[in-house]
Structure formats: C-alpha cells, structure tokens
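A.B. asks: got a predicted model here, sequence first, then my questions.
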Amino acid sequence: AGGGGGGKVGIDHPRADSDFWNSYIKYVPQMAGELKVELMPATNSQNDVAKLVNNVQALIGQGAKVIVMAPQDTGAIANTLQQLENKKIPVVTVDTRPDKGKVYMVVRADNRAYGTKACEFLGEKLGGKGKVVQLQGALSSINGRDRSEAFLECMQTKFPGITVFSEPTEWEGSKAASMLQTRLEQNPDVKGVYMHAGGVHLAPTLQVLKQKGLLVPPTDPKHVFVVSNDGIPQEFEAIRKGDIDATVSQPADLYAKYALYYAKAAAEGKTFKPGPTDHGSTIIQLPNGLEDQLPAPLVTKENVDDQALWGNQVK
Amino acid sequence: MSIHVEARNVVKRFGPTTALNGAEIAIAEGETHALVGRNGAGKSTLVSILTGLQRPDAGEVRFSGEAAPALADRDAWRQRVACVYQKSTIIPALTVAENLFLNRQSDKGRINWRALRARARELLDTYEVDVDAQALAGDLSVEQRQLVEIARALSFGARFIILDEPTARLDGPAIERLFARMRSLREQGVTMMYISHHLDEVYQICQTVTVFRDARHVTTRAVADLPHDELVAAMTGEATAAYESRVRTPGDRLVLEGTGLTLAGRYTDVDLSVRSGEVVGLAGSASSGKVGLAETLVGLRRADTGTVAVNGARVRPGDVPAAMRAGLGFVPEDRHHEGFVPLLSVGENATFPIARKLGRFGVVSPSRRRAKAEEMIESLDIKTEGPDQPVGDLSGGNAQKVVFARALVDDPTVLVVINPTAGVDVKAKQALLGAVEDAVERGAGAVVVSDELDDLRICDRVLVMFHGRVVKDVPRGWTDHELVAVMEGIED
Amino acid sequence: MTAPAPRARLARFRDLTLVPVIVLLLVVGAFLDPTFLTAGNLTNVLQQQAAISLLVLAEAMILIAGKFDLSLESTVGTAPAIAVMLVVPVTAGGLGIGLPGTLVIPLALLVGAAIGAFNGFLIIRFQLSAFIVTLAMLIIVHGLLQGPTEGKTLFQLPDSILYLGSAMWLGLPAAVWIAGLLFAAGIFGLGYLRLGRALYAIGGNLDAARAAGIRVDRVLYGVFILGGTLAALAGILETGRLGAIGNNQGVGWIFMVFAAAVIGGVSMDGGKGTILGALTGVLVIGLVQNILTLIGVSGFWQPVIYGSIILVALMISRIAGGKAQD
Amino acid sequence: MTAPAPRARLARFRDLTLVPVIVLLLVVGAFLDPTFLTAGNLTNVLQQQAAISLLVLAEAMILIAGKFDLSLESTVGTAPAIAVMLVVPVTAGGLGIGLPGTLVIPLALLVGAAIGAFNGFLIIRFQLSAFIVTLAMLIIVHGLLQGPTEGKTLFQLPDSILYLGSAMWLGLPAAVWIAGLLFAAGIFGLGYLRLGRALYAIGGNLDAARAAGIRVDRVLYGVFILGGTLAALAGILETGRLGAIGNNQGVGWIFMVFAAAVIGGVSMDGGKGTILGALTGVLVIGLVQNILTLIGVSGFWQPVIYGSIILVALMISRIAGGKAQD
Ligand SMILES: Nc1ncnc2c1ncn2[C@@H]1O[C@H](COP(=O)(O)OP(=O)(O)OP(=O)(O)O)[C@@H](O)[C@H]1O
Ligand SMILES: Nc1ncnc2c1ncn2[C@@H]1O[C@H](COP(=O)(O)OP(=O)(O)OP(=O)(O)O)[C@@H](O)[C@H]1O
Ligand SMILES: [Mg+2]
Ligand SMILES: [Mg+2]
C-alpha cells in the first residue's frame, strides 16, 4: 500500500510515437510522486484500441481500482467502459471523450478550440483573404477531426475570403512534405499553413519552405504564416527564430497532473460538479460524465518564453 | 480387332509453337502400342489430350467409338484412362498412401487413415513396390517415386493405360519388373500406350508402333515388321547409322584423381583415377552411390574423408567454382534441377562458367557471349531460334544439349557427365555421346555415370559400384549380360 | 497391428513443436506475475485472441493451398461496417437503406465472402500475383470503410451484431467457443475430409492435383471465399468485444497472422502445415502479448522483444522441423 | 549480322509495358491541372520519389535473386537515427558517445549494411523463410529506433546528414541525381555485369546457379547487404528532405515498394524483371500520388482510387507481359 488511500491506479498510455505523448508519459510518474498516487506499471496500447482493451483487462486482473486511459478511438471503447462500470471501477480519460459509456472525468483540452484559435490567428494575419494549407493528422482520430472541422467552420464563417486546402497526412512527415510541396507548386500564393501536429509536421514544413525560399521573416511579403499544434520545445525554438508564428500548447503536464488528481479523487470516493475549478479551467457536464476543459494557450513570439508553458520545462 | 482409343486430326498450339498438327493415333483393343518420336515431337502433348487434361484446338478423341467425356468430368476420364505422366505428379509433402489415393481417400465423409494405409500397403504389395506406405513421398528416391506413380496408375482398374517414359529413371531389374507387370496386364486384356526413347524396349514389350515427327503422324506399323534402322529413319526423317564408339589410346597424364573418398551413407573408401584421353564409366544399380561419388568429384558435395585432385592439384572440397577453375566441366544428374535456368537464354546458360572471360572488370560483353554461344549451338547442333531464346522453351533433348554446352564451354580437361542421355532421343543421344568423345580426343579425360549400357559403351573401362564400393574395374569389350551381372552383385 | 513409420510419426509431432514453447511461456509467466496463471487472465488471453485466431485459420488454409491473402485484415473492419451501414439510419452513420437489423450478421458474412470471391476472381481467373492483388485489395477494402464513414467510428450498432462478441456461454466468452469450434472443424476438415486434403494437394503440386481430378479452380475459389467469410466473422466478434467499429479495426493484424501461422509450421510455399500447428502459433503470440502487458515492459522496447521472440520461435520450429523453410 | 530473334525483342519491350501508362498519366494530369506539366512540379515528383525509389531498386534486386526483404522500410528510419544518436550530444537525444559529426553518413550506411547482413545471415545460414524473418526484423529494427529515442523525433541533426537530401545540383535536387545515377548503375549492373546476371541465375534456379559455379551464398549476402545500404541511403535522403527523423520515417513504405516493383514487371518468384521496369513502376506510383494531391481527391477515398490504379496497372502488365504472374 502506497501513500494515498483508495487503491491502485492503472494507467494505459495511448502511443509512444509522438513527442506530445512522450512528454505526457514522462510527466506521469513525476506527478504521481507529487500527488502520492499508488501507480501500477503503465501499459501502452500503441494507438490500437484492441490492445487498449486487452491492457485494461490485464490491469483489472492485477487489481487496479481506477483506470486512466486515453482511447484514440472513442467509439470502440464503449464495451470496455460498460464492463468497468459493472465492476464499479471509475475511469478517467485523457485527451479524448468517449462517445458512449460512463466516465468519471474527461481531462481534455478543447480540440475544437485549437482549430478555431489557429483559424483566427491565420485569418487576421492574412487579412481575411488568400490561401492556406491545413496539414491534417489521421482522419480516423477524433482530435484530428475536431481540429479540422473547427478550423474549416471558422474559416467559412469568419474568413470566407480564404481558400483552405486540406491534406490528410496520416501523421506522416513524408506525406506532409510531399503534399505541401505539391500544393505550393500549384498555388505559389499560399500564405498560411496550419499543422495539426508539430511533432511530425514541423521539420518537413520548414524544409519545404526553406527549399522554396519562403523561410523569411514576417516582415517580408513572401512570408508564409505557420501555426502549429502541440507546444513542444522545437516549436518554441522555431517561434523564437521567426520560422513559424504560433502554436497551440497542448498541456501535456496538466494532462498528466489532472488525470492522476482525478484518479486519486475517484479512488477516495470524491465527487465533482460542473463549474469553474481552482486551476483556471471549467468542468462541463457530458451525457456520460464530466469533463474538465484545461486551458490550451496560443503561444506566439510574445509569450513564447513563459516558463509556465510545459514546453519550456522539458530538458 | 476393334479400335479401343482413337485420336483424329488433333491440333494443339502453344502460342507460336504447334505441338500437334493434325496428329492421329488408333490403338486396338488389348494391344500395347508404342508411340515414339524425337524430343518435342508432341508425344506428351497427345498424352495430356488423351487423358483429358487439355482440350485440343481441333480434332477429337474417341474411346471405343464413343466421343470423349467433357473435360470437367474427371471421373469419367479416369474410368477410361489411367496415366503415368512424364512429369512427376507426386506430391512430396504427403505420404505415399495419400499420394496413391489422392482425391479418392474415401468414398465420402471422413477419411479412415488406418484403412487407407492398409489399402495402400495392399496395393504396393500387389505391384511389388518396396516402399513404406507411411513415408513422405518427398523422402523417396526418384526411382521409388516412379514406382509409386506406376502403382497408382495401374490401381484405377482402367482398361487403357498410358505410360509416358516410365523407364527413363528406372534401372534394369525395375524395368524388368515393370515389363512383367505390363505383360500380365495385357493378358488380362488391358490396352496400353507406351512412350520411350529406348527403342529396344519397344521391341521387347509392344506389338504396334506409331511414329510422330514434327507434330504429325508419320507411320503406324506392326513392331515385328519394322526393322530398327527403319524405325529410326521414320523418327528422324533420314537414314541414321547406329552409334559406333571410337577407339583410342589413353594418354599417361592423370587428369582426375579421387583418393580414399568416403561419404557416410553414400559411398565408402573409393579410389578413382582418370587419364587424359580416357573415358571411365561409373555403373551400378539403384543406390550404388555412383551419383553421390560423381557429385563429390565436381564439388557439388563434400566427402567426409578423402581428396579430389584435378590435373594434379588438390581441389577444395565442396567448391564448384574451384573445381571448374581447375579445369573441370560437368553435366549434373537432373537437368531441370541443376542443369539450367529456364528463363535465361541459351547463350547465357551456356556461358556461365566462362563469364569472367567474356569481358573485363566484371562486365560481360553481350556480343562476345553471343559469338561464343553461336559457336556452341553450331558444334552441338542445338535446335533453337538463336542464342537469345530462353532455355525453358526448348525441348528436353535440346535443353540437355545446352547443359552439355555449359560443361564444354571452357574446354575442360576433365569432363564428368551424369546420366547424359536421360530422356533424350536417338539422334540427340548420338550427338551428346559424340560430344564427350570429341572432348576426349582433344585430350580431356571423362567420367560417364549412367545406368544405360549404350552410354557406357564409349568407356575405355567401367568401374562398377555396389552398395557404395567399387567392386570391379571392367575393361572394354564387356557384354551386356556380364556388366549387368556385376552391377546386380550376382558375380564378382 | 502396424507401428507407424518413424518419419510419419515425426511429422505428426512436428505440428507440436511449439508446445514446449507454450509450456515455457506458462512457467515464465507464472513466475513473473501471480495474476498470470489465474483462470480469469487465461480466459482473457483466449478471448483477446479469438478474433485474430479466425484470421490465422483462414490464412493457414489459404497458405496450405499455395496462395496468399493480405486483404483479410481490412475485411475485419469493412465487412461488419458495411453491414451495419446498410442497416442503421443515416443519423447513426448509415447509408439510408435501412435493411432489417436482424440481417446484419448474414450481411457482414456476405460482404466478407464477396471480397474473398473478388480476390479469387483476380488471382485465379486473371492469374495475377496473389501477393500484389491482395495488397491492392488491402488498401481498397480499407478505403471502402474509410470512404463512407469519413473516418468516423460507428457506435450505434444493432444489438444482434454485438451479441456474439460479448456474450458468455457456460462461463466462457462465446467468441472463445466459436473460435474453438471452428478450429476443431478446421483440424477435422483438413485432416479427414477429401476437400481438406485437396488443399494440400493443390498447394503441393497444382498440376498433380488437377491430374488427380481435383477441381482446382473451384476449390481455390472456395478457399478465398471461406477466408473472406472467416475474416468477416472475426470482425463481428471484434465488433462485439469493442462495442463499436473504429476505422482501424483489424488494421495491422496481418503481420501477426502470418507470424502465428508460420511459427506454427505452415509453409509460405504451400502444401505444408496443419491447423493445429497454426493454433499453437496463435497461442504463443497471445501469451507473449499478455506477459509483456502484465510485466509492463516499456512500450518503446516491446517491438524488439516481440520480434525477437518470433525469430526464436521460428528457429525452434526450424530446428525441430529439420527442413529448410520456404 | 544476326537480327535478334522475335522472342528476345518482345522480352525487351516487356520492361516498358508501363510506358503507355506513364504517357496516359501525363496527358490526364495535364488535362486535370495546369500546374502538373510544369518543370517545377515534375521535379517535385522526382524529388518526392527519390528516397522510395532507392528502396524499390534494392527490393527489385532482392526479388530478382529470389528472396524477399520487408525490413527495408524500418532501416529507412533506424539507420540514420542510430548514426545521428552516435554523434549528437545527450541533450539532443544522443547516446552520449559523441563520434565526430562528419562520420554520420558512413555510420548510417554501415548500420544499414549490418541490418542487411543480419537478414542474410538468418535467411542464408539458418535457411529460414525470408518473408517471416524480415517481417520480424521489420518489427525489431523499428523498435531499435523507438527504444532509444523513446518515441521522440530527432530534431537536432548534424548538417552533413541534411545536405544530400536538401541540396540542389545543377538545378535539380541532389537526391534526384543520386537516385538517377544509382538506377543507371543498377540497369547496367544487372544487364551487363557478371554479378548482376548471377542474380537472375540464382533467382531463376538456385541449384543450377550453384552448379554453374556461381558462389550463391556470397552473392546473396551481397544483395542483402547492398539492400540494407540502399535503404540507409534512402533514409539519409529522406532525413534531408524532412529536416528531422520522426519515429515513423519509412513506416508503411514497403507496400508501395512492392507495388512499384511488381507493376514494373519484377516477379515475386525470382529470376524475372528489370531495374528499368522497376523504375517505370516508381514513376507510375509517384505520378498517381501527385495527381491525386493536385486535384484534391478526398482523403477518405484516396486509398480506393489508389489501390484500383495498382490493380489496373497490374492487369496491363499482365496482358502486355502475356504470362501468368507468380
Ligand atoms: N505448356 C506448354 N507451353 C508451351 N509449349 C509447350 C507446352 N507443352 C509443350 N510445349 C511444346 O510443344 C512441343 C511438343 O512437346 P511435347 O512435350 O509434347 O514433346 P514430347 O514429344 O513429349 O518430347 P519429349 O520426348 O522430350 O518428352 C514442344 O516444342 C514443347 O516445347
Ligand atoms: N539427398 C539424399 N539424402 C540422403 N540420402 C540420399 C540422398 N540421395 C540419395 N541418398 C541415398 O544414398 C545412397 C546412394 O545414392 P546415389 O544417388 O549416390 O546412388 P546411385 O547409384 O546414383 O543410385 P541411382 O542409380 O538409383 O540414382 C542411396 O541409399 C540413396 O537412397
Ligand atoms: Mg514428353
Ligand atoms: Mg541417383
């Protein structure tokens, strides 16, 4: 028995192939120490919901009393949530909101807000006209879809003068580079890029812009405005150099912290209500549980050195 | 006598080749009918049409006056005709029992394996085939597989049986057993069609013979009325004298020497030496170890103990390139298996051993290769469209000539040929034996490994092996009977 | 009366070369984690492997017949998804056709069979390379899931399609019973039925099979269609287990399927291997996955351990089998 | 003096069955989008295909020699990544060994060669099935990238490794020159070098090749090592193009590689096909991708169109080639 009361927390990590999730994975044991959560060895479902289901079964078998997970496929987890509910095991999900099945708390930043923020930033910089490219993640992921839909919706309503090209990259740098290169060839007047994942899209985008001679300061009329998404240190570096203009900082540290915070609370039998929280966020009511919507700040040259950003704390 | 099987005016084309061009055959009830012809004359193609595996482009097949069944109706075909095909139809990964009863393991429902084994054993006993019914067919020797195929064909109880070169891979006693079986079947009134390049077998076992040449029917005659040379003339379209082996005096130089060679399970303590200008035969019945020994001499196998020297220099064991560089050329046992690369051209297959001499810096000059290949095609009389034709498109005899070309291309001082004339027609056989003798006249020494007495006739002496040991060194002038007696271990 | 010959006896044991590996995994697993040997955990392993094992069964039959099918993995998601879309209303992601919900399982099986038949058509009729045809089909069939769903998960499913994958029969998941029964049928069929033996004949020597009167094309069509149907059934079980059809259902399975079949002794060259052997291959893979999960090996290093275990199992079956693989 | 026989002339044209397809794609592309036929866009297509084309070159040689290598795709990421980790400091994701940065390219090529040699060792020495060995190696080699990087992208790379993939020589990307030269070398080598012809002999009939005095094992080792090295070079070019080494670099390429080789006329059965044919296969795939991007086909339906085009190309090369594929 560890420090806290209530019992063991089982945690499944969704994937190990992106910088964002890797930072999250690193924060988890650190936060568990701080919050005195009795954490079981983490499992990793490698972006495969079938593996996630297997892992959860194993964690329960090993005596988990609370489960923390981040199902990348939000539909296919319904049965597992049902089983967990039957066994009276509360579930905290991180980053994604299951479509069906009871959850104790969803710890998530608003992915639709990412898309909207990126759209607003680019729309203003371009003065409401011109062409932008959206490098999408995988179309089968809810977060990718949320970002994509919100971005398109916002562009249509607020900046109807802007043409958007959406490129599905399957989270692959190689596809992103090829598609952006082709699109720039076809439309040399593209003036903005929104990348869904800085981890995979940042370097290829910069290489393509460099090759085309478009990697110039914002003051230059040839400048292409780039908004990224994730908030990893390399993006901050690029913002400082003026290579890109902004990124949405996905709070990897807060994900880890509040996932474990709510897991511990669940184990101790605490309950929460919708409304503002003590950490600058709001809890909203879902049909199948509650969701704590953590703030996801837009990082630009102005606030890139803010030490509160998780991207400035990794080293 | 009524006609049991008849093919009329059959035409079959494969792309540009016409395998059968208005071919006919009529086989009378109860006779054993030989079909002979040179390689590529269309014999096997007719077999596949007579057994319902292929549809003729034109013409018809009739059984006892009735039209042949539809191609899809395999059961009907199998009641009418059983066949030992030229190409093996054994499935190596299955047991002998299952191969014997393939697709008729049971009438319907569950297969009773125990009963199947019993049936298989019974069948093998009936035909005196000494093979374990439960062994995997892939573990059998070539000869045993052939016997299993024959037993299977006979087991259908069909009134008409086709045997396409069944003896090409059998040794003397096995052939005798097969013939005994065929005679007893004939007494029971079974009709047979028999294909072979061994014309003496035709005289031994058949009553009527049909000759095909260039995809057409040439003649059908009673065997008794057709002298040997007339038969050969019908096949080749010209008068051909029987092969006369040449006389020569071997030199003194030892070109090939094997000393104290032993390979467990194959051969034991063999010494062998070949002088320049000498042809040494290696004979022996099944499993005597002669092929294993020959493969060791050329580097395809590694002996457990003992050494091989070519032209006085020891050759690294189990190293074909080293043996070739030392001056050795060879024809392997099975041309399909080790003889040629079917997709590559005649020119390329023939010149692999000298590729390094056809250009500098690892480059092979196509024009020099073509020139060399044309020379070989000319000297061995290979029937081909040219050096660029893939060997896979050639008929068996011509493919074997390409394998000879490969062995001879580097002017070897030692030539080792294994079963040089297997499945090869009369004329090609003469050409190939002539090629061996030509090489020897140029000063090479040769080893001829064969079951065929005709091949061994060119040898200055024949080493007879029995159960892995050389039991006798027989000089020129032997009679068939003497040599066979030694090979069978009856006399020593 | 007659003692079986040593070779044949050995061949029978060759199916079971992985049994020592399985025993070893059970011992090692028990040693590493106390939960491992509990009935609950082992049941979970079986349930988790139930769907993929049907693909292994299908692939083993196709491989034994000397062919190849990569597209099975895509059928796992696409077949049930298309069936569901034909049934549910537009609001739930359907196509607006609205067939009765009870038809959903037969529809899914039908879609699987149709995919198999199309593969067979291209491979047998057009004599195209099976590897590359089914590779293209893997991409196309998956696109037939992504296209109409636009990447969205289908989660409002008719109850009937959920039942098989989630029900318990006599204390064991229904999926385990189904997989068990189908494997038993497979072992029997390929061991004792003429049709099953025909697969070995076709894979071993196609011309010989044809000469023996086996209707080669018909049998091969049958095997591709059966393969597609089994993949669809695997998809139904997986759908029931997960409660929804994600866009990635089945994606990436095919490698594990081949690994299981081959370490279980099925030859890539046709004509060799048994369904029982393939089953042991599935179990080895399932146990390894379970143990790695239980002991919590870092996700980053899992592939290395995993791949190495496949290599080792391969060597064991190579050494025990005694022959070169192809 | 002697005119080539009709057969041989036909065989020569068989390499070029995709040329009409390429012409058709150029026409259709020009019709659909005015940018398509510009020098800039076509250069982009070549640059985008440069890295993957090296894998096709490697795989074509391995296939012609009658073997198989799936693990090439993992080498594309892992070889440069390991080389980089040996060079950069720990803060940049390195292993803390700190070899000089100028060594990074030779190191990457060495890692690729070592992976190829290990594949060869398992396949040739242990006589294991190439498909399944390289499948396990695909997983393991990718794990060797994921493990030490813990899934992170390597962003801070030595300049030397970026140069080849991003430089321009005489107005064309260096990568295009490199791929072009290597293909020219491949066409020459497999057409006119003793060693190259040996690949055809080995793939066409291994035993005959051995009996013809070809050192089969040595040549096969060579081809696997060369394959690994080319994959590493592809990785270096890709790294330069993308400016970083992500954990997914190369992942998923292998299917496209096989598709390109096979529609280009290289047989999965060994001994058949040419490097020139494989090159036409790469170009077809590159042009299709480019056109789909230019006209902006919905991402959801792209796989269906894509897979169908592979099937059609396959049929065209089947009909033009005239023989059954294997
Ligand atoms: N499936 C096929 N495809 C193409 N050509 C073929 C095919 N089968 C036979 N041929 C060609 O048809 C001709 C006749 O062949 P067939 O096998 O009938 O000869 P054969 O008389 O049996 O010769 P052999 O004595 O060598 O067995 C040959 O030129 C052969 O190359
Ligand atoms: N690949 C093999 N592995 C093991 N034993 C073999 C193999 N091939 C042949 N043998 C056995 O080795 C012995 C000698 O075989 P070898 O082929 O040298 O004899 P042979 O004189 O050529 O016989 P045949 O005339 O029947 O071809 C036989 O008992 C044979 O069954
Ligand atoms: Mg024949
Ligand atoms: Mg022999």
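C.D. replies: Looks like it came in fine. Ligands and ions are numbered 1, 2, ... in the order given.
A.B. asks: how about the nearest residue to residue C:154, chain neighbours excluded?
C.D. replies: With CB to CB, 6 or more residues apart in numbering or on different chains as the criterion, residue C:154 has its nearest non-adjacent residue at 4.4 Å, and that residue is residue C:245. To be clear about C-beta, it is placed using only N, CA and C from the backbone, and glycine gets the same treatment.
A.B. asks: ditto for residue A:265
C.D. replies: residue A:272 (7.4 Å).
A.B. asks: contacting residues for that neighbour?
C.D. replies: For residue A:272, the contact set (CB atoms under 8 Å, 6 or more residues apart in numbering or on different chains) comprises A:105, A:262, A:265, A:283, A:290.
A.B. asks: which members of the residues you listed are positioned in helices?
C.D. replies: Using DSSP state H, A:262, A:265 are the members of the contacts of residue A:272 that sit in helices.
A.B. asks: check contacts around the residue of the stretch 201-315 of chain A found nearest ligand 2.
C.D. replies: The nearest approach of the stretch 201-315 of chain A to ligand 2 comes at residue A:204, 55.8 Å away (CB to the nearest ligand atom). Contacts for residue A:204 (CB under 8 Å, 6+ apart) come out as A:173, A:174, A:176, A:177, A:180, D:241, D:242, D:243, D:244.
A.B. asks: how does it look with 7 Å?
C.D. replies: A:173, A:176, A:177, D:242, D:243 (CB atoms under 7 Å, 6 or more residues apart in numbering or on different chains).
A.B. asks: just the ones of the residues you listed in helices?
C.D. replies: Per DSSP H, these map to helices at A:173, A:176, A:177, D:242.
A.B. asks: up against chain D, what does the stretch 201-315 of chain A have?
C.D. replies: A:203, A:204, A:206, A:207, A:211, A:234 (CB under 7 Å from any CB of the partner chain).
A.B. asks: out of those residues, who's the most crowded?
C.D. replies: Per-residue neighbour counts (other CB atoms under 10 Å in any protein chain shown) across those peak at residue A:204, which has 28 neighbours.
A.B. asks: what about the strands in chain C?
C.D. replies: C:168-169, C:172-173 (DSSP state E).
A.B. asks: out of those, nearest to ligand 1?
C.D. replies: Short answer: strand C:172-173, nearest of the strands of chain C by CB to the nearest ligand atom, at 52.3 Å.
A.B. asks: and for that closest one, what's in contact with it?
C.D. replies: Under CB under 7 Å, 6+ apart, the answer for strand C:172-173 is C:43, C:47, C:50.
A.B. asks: what's the burial count for residue A:303?
C.D. replies: Using other CB under 10 Å, the number of residues around residue A:303 comes to 14.
A.B. asks: hmm, back to that, the contacts of strand C:172-173 also near chain D: which ones?
C.D. replies: Of the contacts of strand C:172-173, not one also sits near chain D (CB under 7 Å from any CB).
A.B. asks: out of those, which is nearest to residue B:178?
C.D. replies: residue C:50 (54.7 Å; CB to CB).
A.B. asks: measure the spatially closest residue to the closest one that is not a sequence neighbour to chain A for me?
C.D. replies: With sequence-adjacent residues excluded and distances taken as CB to CB, 6+ apart, residue C:50 is closest to residue C:175, at 3.8 Å. For residue C:175, the distance to chain A equals 12 Å [CB to the nearest CB, to the nearest Å].
A.B. asks: next, count neighbours for residue C:175.
C.D. replies: The number of residues near residue C:175, taken as other CB under 10 Å, comes to 29.
A.B. asks: pLDDT score for it?
C.D. replies: Here the pLDDT value assigned to residue C:175 is 94.
A.B. asks: now residue A:162
C.D. replies: The model's pLDDT for residue A:162 equals 94.
A.B. asks: what comes into contact with stretch B:441-448?
C.D. replies: B:248, B:255-256, B:274-282, B:294, B:297, B:412-417, B:420, B:436, B:439-440, B:455-456, B:458-459.
A.B. asks: just name the closest of the contacts of strand C:172-173 to ligand 1, please.
C.D. replies: Using CB to the nearest ligand atom, those come closest to ligand 1 at residue C:50, 45.7 Å.
A.B. asks: isn't that closest one up against residue C:176?
C.D. replies: Yes - counting by CB atoms under 7 Å, residue C:176 is a contact partner of residue C:50 at 5.4 Å.
A.B. asks: OK, contacts around the residue nearest in space to the middle of chain B?
C.D. replies: In chain B, the centroid-proximal residue (CA atoms, centre = their mean) is residue B:422; its distance is 2.9 Å. For residue B:422, the contacting residues are residue B:168, by CB under 7 Å, 6+ apart.
A.B. asks: any idea how far the nearest residue to residue B:121 once chain neighbours are set aside is from ligand 3?
C.D. replies: Spatial nearest neighbour of residue B:121, excluding adjacent residues (CB to CB, 6+ apart): residue B:133 at 4.9 Å. Residue B:133 is 29 Å from ligand 3, where distance means CB to the ion, to the nearest Å.
A.B. asks: which non-adjacent residue is nearest the residue of the stretch 201-315 of chain A closest to ligand 2?
C.D. replies: residue A:177 (3.7 Å).
A.B. asks: which residues does the one you found contact?
C.D. replies: Taking CB under 7 Å, 6+ apart, one finds A:204, A:207, A:208, D:241, D:242 in contact with residue A:177.
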